[in-house]
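Undergrad: kindly return the folded structure for what I paste below:
(one chain, ligands or ions: 1)
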Amino acid sequence: MCHKQVFLNIDFLLNCEGSNKMSELKAEEKKTKKKTVKTTKTASAEKPEKKTVKKVVKKAKAETEKIEEKVAEVMVAADGKLAEELEATKKKAAKTTKAKTTAKKKEAVEEAEVRVEEAVQEIVEDLGPRRSVAFIGSECYPFVKTGGLADVMYALPKELVKQNCDVKVILPRYKCIPWKYQEQMVYRGEFYMDLFADGKQFYVGIMEYEWDGVVYDFIDNEELFTSGNPYTNMVDDIPKFCYFSKAALCALLYLDWIPDVIHCHDWQAALVPIYLRTLFENTKLASSKTMLTVHNLRFQGIYGLDAIRYWSGLPDYVFNKDVLKQNWNDANMLKGGLAYCDMISTVSNTYAGEIQSEFYGEGLDAHLRYHSGKLRGIVNGIDCDIWNPETDERIFKNYVVEDAIENKKANKIELQKELGLNVDENKFVIGLISRLTNQKGLDLVNSIVPQIIDGNTQLVVLGTGDPGYEDSFRYYENAYKGEVCSCIQYDEDRAHRIYASADALLVPSLFEPCGLTQLIAMRYGTAPIVRETGGLKDTVEPYNMYEDNGNGFTFDRYDAGLLLDAINRAKTLYFEHRENYDAMVKRDMQKDVSWKLSAAQYRELYLQLKP
Ligand code: ADP
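TA: Numbering: from 1, shown residues only. Model (predicted):
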């Protein structure tokens, strides 16, 4: 407190001293100013002209400045206007250019459209008249598949649509159809239909799904199509497919879709031609012609005559020995269909001939010989979009003809890793993708596995079926660890990878109506080793070492020794003349295994039926 007071006092004294000095300075400044004013006044009085000039100059300057300001203002205004005008002109020009471009584009599009229309017209004219076909069958990829029939039911309609046909595919709506398809189906209607001889009424729903230009109509009945598998046992299956065959015809009438041809497949749809010519004889559908395709003669739909008479509700007169009756007390649905249809087809020319013989005829050879006048053989194709090594997303490395040799090796190595086989790109990998039944020649394979596995060869099996075969392949996997892999499963993805990775595919069937696996194998540059029967004979040209041509390796008699010989011929070419083997790989990939030719042949038959 004491110190603060002291400082304040000193400041006060200092300030007082400062203010005195300031007033002295100010007085002096005033004096100087007065002197200056006096001097100036004297000077101006001395030169009056100079003053006037200066004034004028000053005025002129001020005016010039004003004018300059105005000019600047005008310039700014003019600039703004000019900019606006420029913008407007630009917009106008852009509009005109856009309009001109749009007009040109429109013209070009219209021209292109006309050209496309003309081209389509030309193609359509080339293909001849349009035909409508209803496919009726029990399975169809990708909804439900147990074998090759499903592939045909999917791929043939798709190709026929491209060849000027209207196609409807009629299928049962099984519970096992994946939900992603079921949820997209559209309800088209429902009605009740009588079926059994006692007059019981059955519900028929129609659910529709359209895909790739093909219309799929699913026959809906939860009471009958409940099982997870399309086929269970004859007691359930026969009434189920009697219902399906009759309901398919009722659905066509309900939808008022009268096709030129009703194309039925296998025993499950074999009653359709009989229903058509009996119970539907007085309906609009009577004008349709029928074709029945036999995909596999082994399956015929045989059961007690009285039961089938009751379940089908068909009139008594069709249960005679020329139509449905077989032996003393059975009815055979396929036999009846073959008798009543307008045209029979089967899935290869060789098989069409074979089934008229006792060995392959499955008890119907005499019946087929009798009807041979209307029997034709057309080999199956495959869907080249699904089976395409260039785009297949399920394989490890895509490839085309040019890089197939290298990239197939890369696929082989990945497959070996996936399956736990010894990884070696130089091993000769043989694939086998099949239902494991005795139709497929598996007893031959079983008896020679020890001779096949020689240190340079590996065997990959993919299939399910008879427990006996499943067990024997499991046994070999265990006995030859790292060299044999048995995948006892149904796995589409793995099937693709085996086709792409293997060097050869075994199809030593006892009988093979057509066979798809050898076609798929060729598409993937995998040489088929097949027995010369049915479609295998028609589609695989045997390798000729003298002329260096052919697509695979074949043997004729059903004999394990001959199968081993064919495998050894393949190995010899692979290990000793690799350039010739590689050339065959490329040849196979270039072979036309598509549906194009076969669909055109079916179309020809439709035109014969309905000129
Ligand atoms: P089938 O109709 O007599 O069974 P196909 O050769 O006509 O014989 O058709 C068999 C079809 O089923 C082919 O597409 C084949 O790839 C496929 N396939 C067979 N077994 C399997 C399996 N275990 N896993 C995946 N696909 C299989």
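Undergrad: number of residues surrounding the residue in the stretch 301-450 of the chain that the ligand sits nearest to?
TA: Distances from the stretch 301-450 of the chain to the ligand, computed as Cβ to the nearest ligand atom, single out R435 as the nearest residue at 4.5 Å. C-beta here means a position set from N, CA and C on the backbone, and glycine is covered the same way. The local packing count at R435 equals 16, with neighbours defined by other Cβ atoms under 10 Å.
Undergrad: just use 35 as the starting number from now, easier for me
TA: Let's use 35 as the start, then, which means that last one is R469.
Undergrad: name the nearest residue to it, ignoring sequence neighbours.
TA: Counting by Cβ to Cβ, 6 or more residues apart in numbering, G499 is the residue found nearest to R469 once chain neighbours are left out, at 4.9 Å.
Undergrad: for the one you found, give the beta-bridge partners.
TA: Under the criterion DSSP bridges, G499 forms beta bridges with L470.
Undergrad: count of neighbours near it?
TA: 17.
Undergrad: just checking, the residue of the stretch 335-484 of the chain closest to the ligand touches V495?
TA: No - contact between R469 and V495 fails when scored by Cβ atoms under 8 Å: they sit 11.8 Å apart.
Undergrad: rewinding a little: what sits against the residue of the stretch 335-484 of the chain closest to the ligand?
TA: Residues counted as contacts of R469 (Cβ atoms under 8 Å, 6 or more residues apart in numbering) are 181, 497-499.
Undergrad: now, of those, which are buried?
TA: Burial by neighbour count, 16 or more other Cβ atoms under 10 Å: within those this picks out 497-499.
Undergrad: so can I have TSV of those residues showing pLDDT and distance to the ligand?
TA: Output for the buried ones among the contacts of R469, formatted as TSV (pLDDT from 0 to 100; distance: Cβ to the nearest ligand atom, whole Å):
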residue	pLDDT	distance to the ligand
G497	97	4
T498	96	6
G499	95	9
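Undergrad: in TSV: those residues, plus distance to D458.
TA: Conversion of those to TSV gives the following (distance: Cβ to Cβ, whole Å):
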residue	distance to D458
G497	24
T498	28
G499	30
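Undergrad: just give me the closest of the residues you listed to G516.
TA: Nearest to G516, judged by Cβ to Cβ, of the buried ones among the contacts of R469 is G497 at 20.5 Å.
Undergrad: who's in contact with the closest one?
TA: Residues counted as contacts of G497 (Cβ under 8 Å, 6+ apart) are 466-470, 503, 507, 521-522, 524.
Undergrad: the residue of the chain found nearest the ligand: neighbour count?
TA: With Cβ to the nearest ligand atom as the measure, the residue in the chain that lies nearest the ligand is G182; the distance is 2.4 Å. The tally of other residues near G182 (other Cβ under 10 Å) stands at 24.
Undergrad: how about it: what's its closest non-neighbour residue?
TA: Among residues not flanking G182 along the chain, L550 sits closest, at 4.9 Å (Cβ to Cβ, 6+ apart).
Undergrad: count the residues that sit near the one you found.
TA: Applying other Cβ under 10 Å, we find 24 residues neighbouring L550.
Undergrad: what do you get for H299?
TA: Neighbour count of H299, defined by other Cβ under 10 Å: 25.
Undergrad: from K451, how far off is the residue lying closest to it once chain neighbours are set aside?
TA: The spatial neighbour of H299 that comes closest, neighbours along the chain excluded (Cβ to Cβ, 6+ apart), is G171 at 3.6 Å. Here the distance between G171 and K451 works out to 39 Å (Cβ to Cβ, to the nearest Å).
Undergrad: check L544 too.
TA: In this structure, L544 and K451 are 34 Å apart, going by Cβ to Cβ.
Undergrad: more neighbours, the two?
TA: When L544 and K451 are compared on other Cβ under 10 Å, the one with more neighbours turns out to be L544, at 18 against 11.
Undergrad: okay, that one: pLDDT?
TA: At L544 the predicted local confidence, pLDDT, stands at 97.
Undergrad: continuing past the longest strand anywhere in the chain, what's the next helix or strand?
TA: Of all the elements of type strand in the chain, the one with the most residues (DSSP state E) is strand 235-245. For strand 235-245, the succeeding helix or strand toward the C-terminus, using DSSP states H and E, is strand 248-254.
Undergrad: still on that earlier bit, which one of the contacts of R469 is nearest E610?
TA: Out of the contacts of R469, the member with the shortest distance to E610 (by Cβ to Cβ) is G497, at 30.9 Å.
Undergrad: out of the contacts of G497, which are buried?
TA: So, of these, 466-470, 503, 507, 521-522 end up buried under the neighbour-count rule (16+ other Cβ under 10 Å).
Undergrad: for the ligand, what are the nearby residues on the stretch 435-584 of the chain?
TA: Within the stretch 435-584 of the chain, the positions adjacent to the ligand are 467-469, 496-498, 524-526, 529, 549-551, 554 by Cβ under 6 Å from any ligand atom.
Undergrad: got it, and the chain?
TA: Taking Cβ under 6 Å from any ligand atom as the criterion, the contact residues of the chain with the ligand come out as 181-182, 185, 467-469, 496-498, 524-526, 529, 549-551, 554.
Undergrad: all strands for the stretch 285-434 of the chain, in order.
TA: Taking DSSP state E, counting those that start in this stretch, the strands of the stretch 285-434 of the chain run over residues 295-299, 323-328, 336-338, 359-360, 364-366, 377-380, 409-411.
Undergrad: center of the chain - which residue?
TA: The structure's the chain has its C-alpha centroid closest to I420; by Cα atoms, centre = their mean the separation is 5.3 Å.
Undergrad: G595 versus that one, what's the distance?
TA: I420 sits 37 Å away from G595 when distances are taken as Cβ to Cβ.
Undergrad: check E224 too.
TA: Plainly put, E224 is 60 Å away from G595 if you go by Cβ to Cβ.
Undergrad: now swap in F278 and tell me
TA: Using Cβ to Cβ, one obtains 45 Å as the distance from F278 to G595.
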